[in-house]
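Peer 1: give the three-dimensional model of this entry:
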Amino acid sequence: MEKFEADIRIDIRNRLRSHAARKLVIARMQAPRDWETALRYELAQHRTPQPLIVGSSDFKLFLQSFLIFFTAAMMFLI
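Peer 2: Just a heads-up that it's a prediction; the model follows:
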């Protein structure tokens, strides 16, 4: 293996900083002018009560698992 030469090493910190700055500018350009109101609206939409069966994927998973278990138990008992 050849010896590592320190002057060949590329310093990427400045590239990362400039990339982060570009991403921030793009995000600011895409954000609505009244971003606080838009954020409050989205949070309010997210917090609205959902129907039990439609809204919760955890409940769906529980129901499917229980039905599989119940079917297997009935097959065992028959």
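Peer 1: lowest-confidence helix or strand of the protein?
Peer 2: Of all helical and strand segments in the chain, the minimum by mean pLDDT, DSSP states H and E falls on helix 52-55, at a mean of 61.
Peer 1: what pLDDT, on average, does stretch 66-75 get?
Peer 2: In this model, stretch 66-75 has a mean pLDDT of 93.
Peer 1: over to stretch 10-23?
Peer 2: 90.
Peer 1: so after the least confident helix or strand of the chain, what's the next helix or strand?
Peer 2: Scanning forward in sequence from helix 52-55 by DSSP states H and E, the next helix or strand is helix 57-77.
Peer 1: what residues of that next one count as buried?
Peer 2: By 16 or more other Cβ atoms under 10 Å, helix 57-77 has no buried positions at all. Heads up, the C-betas are built off the backbone N, CA and C, glycines and all.
Peer 1: by contact count, what packs against it?
Peer 2: With contacts defined as 3 or more Cβ pairs under 8 Å, 6 or more residues apart in numbering; DSSP states H and E, helix 57-77 has these neighbours: helix 52-55.
Peer 1: how far does the strand or helix carrying Gln45 sit from the chain's center?
Peer 2: Secondary structure assignment for Gln45, by DSSP H and E: helix 35-47. Distance, stretch centre to chain centre, for helix 35-47: 17 Å (Cα atoms, centre = their mean, to the nearest Å).
Peer 1: now do stretch 13-27
Peer 2: That offset, for stretch 13-27, works out to 22 Å (Cα atoms, centre = their mean).
Peer 1: please report how far the residue nearest to the spatial centre of the chain lies from Ala21.
Peer 2: The centre of the chain sits closest to His46, judged by Cα atoms, centre = their mean, with a distance of 14.5 Å. For His46, the distance to Ala21 (Cβ to Cβ, to the nearest Å) stands at 30 Å.
Peer 1: now do the host helix or strand of Ala20 against helix 35-47, angle only.
Peer 2: Assigned by DSSP H and E, Ala20 falls within helix 13-30. Orientation check (axes from the mean of the first three to the mean of the last three Cα atoms, to 10 degrees): helix 13-30 against helix 35-47 gives 80 degrees.
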